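J.: coords below, sequence missing:
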């Protein structure tokens with residue numbers, strides 16, 4: 001059995017467990033395509049077709065098979081991602097900071113944009129759900145609401161949730177949605193937004209210039225959305241952070257907005273530093289959404305395998321982290337590979353998830369898929385100077 005076929009067999013077993021109602025043909029086709037993506041690490045369909053282990057001798061026939069899989073309307077990305085996302089969210093809910101959801105948009109091609117919700121995982125993020133639109137501009141609130149409404153049922157009951165987003169998402173509508181859901185928020189605001197409080201009516205930028213860094217009980221825009229605002233303007237930075245939040249504003253609560261940057265390396269994994277989806281020639285949003293599904297499942301597998309390798313064959317730095325964790329308290333439970341590799345090989349699995357996807361060395365010939373993702377998390381400590 002080839003390495004791709006072996007990985008696909010493990011994925012099929014995992015899909016059977018998590019998606020018992022999925023049709024066999026969909027399960028087998030999706031598993032084979034994800035396994036090939038792990039091997040090729042390219043969104044170029046011709047690259048995938050060249051390595052696809054199917055009996056068709058001609059590459060163009062294998063290309064047509066991939067196009068048919070991506071065009072299958074019965075493969076629903078939300079439905080496939082739901083059990084994987086629910087498990088990751090359950091584990092994130094057990095962390096001291098709770099669940100951090102990140103909403104952001106990225107350009108896929110000259111004609112397509114993707115709006116994605118991800119969950120912070122360590123110092124990176126994992127994709128949960130997305131919407132692809134044929135547009136050159138921002139994707140509006142209706143799609144944002146649809147996306148967040150899709151993710152909301154996957155959240156554990158009573159979990160602490162905080163939604164983070166940049167200046168595209170600091171709107172009265174999104175603040176109201178968070179309040180309705182009972183979520184905390186850290187949403188960066190545009191300086192032009194109208195702010196009303198006891199001091200009168202002005203703009204967010206004017207309050208930042210006046211060095212009013214912590215504003216409580218303010219109202220935003222003509223909709224008069226009630227919120228708190230924290231402002232950080234460090235020396236050497238042109239633009240201040242003006243962040244709407246549900247908590248009492250302080251330097252610490254405002255700086256928590258920096259956790260939003262966890263989604264940027266994830267987008268890099270999908271794009272130029274990883275699979276290269278920005279170079280795809282696909283023209284239809286639904287096919288791009290299914291290609292993102294293939295990449296997301298490949299990313300989950302790579303992260304899970306890297307975490308398994310981190311636990312069993314830690315580097316000296318990882319050993320020091322484990323020792324410090326044990327001194328501070330018991331390690332959390334770790335879900336291992338369902339079928340661990342029989343012996344240690346050079347680069348037997350991906351390096352930990354803090355490494356760009358372009359550097360991952362994936363398992364060749366290992367059977368089975370690790371069950372993601374129950375691992376001890378590193379703390380997320382960052383200063384603005386390191387990311388702005």
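T.: Nice, I can see it. From a predicted model like this one, the values you see are computed outputs, not experimental measurements. Numbering: from 1, shown residues only.
J.: does residue 72 touch residue 23 like I think?
T.: No: using CB atoms under 8 Å, residue 72 is not in contact with residue 23, being 10.0 Å away. For glycine as for every other residue, the C-beta is placed from the backbone atoms N, C-alpha and C.
J.: these two: which has the busier surroundings?
T.: Comparing residue 72 with residue 23 by neighbour count (other CB atoms under 10 Å), the higher total belongs to residue 72, at 17 against 12.
J.: quick check, that one in a helix?
T.: No: applying DSSP: H, G, I helix; E, B strand; the rest coil, one finds residue 72 to be coil, outside a helix.
J.: check what pLDDT it gets.
T.: Note on residue 72: pLDDT of 95.
J.: where does the chain have low pLDDT?
T.: 1, 308-310, 317-388 (pLDDT under 70).
J.: which residues of it fall in helices?
T.: Secondary structure of the chain (DSSP state H): helices located at 3-18, 24-40, 45-51, 59-70, 77-93, 141-151, 172-181, 204-209, 251-255, 263-270, 285-312, 316-328.
J.: of the ones you listed, which is nearest residue 106?
T.: Judged by CB to CB, the one of these that comes nearest to residue 106 is helix 263-270, at 4.9 Å.
J.: tell me which residues in stretch 260-277 are buried?
T.: Buried residues in stretch 260-277, defined by neighbour count with 16 or more other CB atoms under 10 Å: 260-263, 265-271, 274-277.
J.: please apply the same query to stretch 200-215.
T.: 203, 204, 205, 207, 208, 212, 213, 215.
J.: between those, which sits nearest residue 282?
T.: The closest of these to residue 282 turns out to be residue 204 (CB to CB; 39.1 Å).
J.: and the nearest residue to residue 191 once chain neighbours are set aside, how close does it get to residue 245?
T.: Nearest residue to residue 191, sequence neighbours excluded (CB to CB, 6 or more residues apart in numbering): residue 205, at 3.0 Å. Remark: distance between residue 205 and residue 245 (CB to CB, to the nearest Å) = 18 Å.
J.: residue contacts, the closest residue to residue 127 other than its chain neighbours?
T.: Spatial nearest neighbour of residue 127, chain neighbours left out: residue 296 (4.6 Å); criterion: CB to CB, 6+ apart. When contacts are counted by CB atoms under 8 Å, 6 or more residues apart in numbering, residue 296 touches 77, 81, 127.
J.: top of these by number of neighbours, please.
T.: residue 127 (28 neighbours).
J.: wait, it sits on residue 118?
T.: Yes: counting by CB under 8 Å, residue 127 touches residue 118, with 5.2 Å between them.
J.: okay, and the common contacts of those two?
T.: Going by CB under 8 Å, 6+ apart, residues that sit against residue 127 and also against residue 118 are residue 266.
J.: hmm, back to that, identify the farthest-apart pair in the buried residues of stretch 200-215.
T.: 203 and 213 (15.4 Å).
J.: okay, the helices of the chain in TSV with distance to residue 224 next?
T.: Formatted as TSV, the helices of the chain follow (distance: least, CB to CB, whole Å):
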stretch	distance to residue 224
helix 3-18	44
helix 24-40	47
helix 45-51	50
helix 59-70	45
helix 77-93	32
helix 141-151	17
helix 172-181	8
helix 204-209	15
helix 251-255	22
helix 263-270	30
helix 285-312	35
helix 316-328	45
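J.: figure out which of these is closest to residue 99.
T.: With CB to CB as the measure, helix 77-93 is the member of the helices of the chain nearest residue 99 (4.6 Å).
J.: can you state the direction angle for the closest one and helix 285-312?
T.: Orientation of helix 77-93 against helix 285-312 (axes from the mean of the first three to the mean of the last three CA atoms, to 10 degrees) gives an angle of 30 degrees.
J.: give me the phi and psi for residue 138.
T.: phi -70, psi 140 (degrees, to the nearest 10).
J.: does it touch residue 168 like I think?
T.: Yes: between residue 138 and residue 168 there is a contact at 5.4 Å, judged by CB under 8 Å.
J.: of the two, give the one with the bigger neighbour count.
T.: Comparing residue 138 with residue 168 by neighbour count (other CB under 10 Å), the higher total belongs to residue 168, at 19 against 14.
J.: mind listing what the more buried one touches?
T.: Neighbours of residue 168 in contact, by CB under 8 Å, 6+ apart: 104, 105, 138.
J.: the second one touches residue 116, doesn't it?
T.: So that's residue 105. Yes: in this structure residue 105 lies within contact range of residue 116 using CB under 8 Å: 7.4 Å.
J.: what about residue 282, how many residues nearby?
T.: 21.
J.: could I get the buried residues of stretch 200-215 as JSON lines with distance to residue 100?
T.: What follows is the buried residues of stretch 200-215, written out as JSON lines (distance: CB to CB, whole Å):
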{"residue": "203", "distance to residue 100": "28"}
{"residue": "204", "distance to residue 100": "23"}
{"residue": "205", "distance to residue 100": "27"}
{"residue": "207", "distance to residue 100": "26"}
{"residue": "208", "distance to residue 100": "25"}
{"residue": "212", "distance to residue 100": "27"}
{"residue": "213", "distance to residue 100": "23"}
{"residue": "215", "distance to residue 100": "23"}
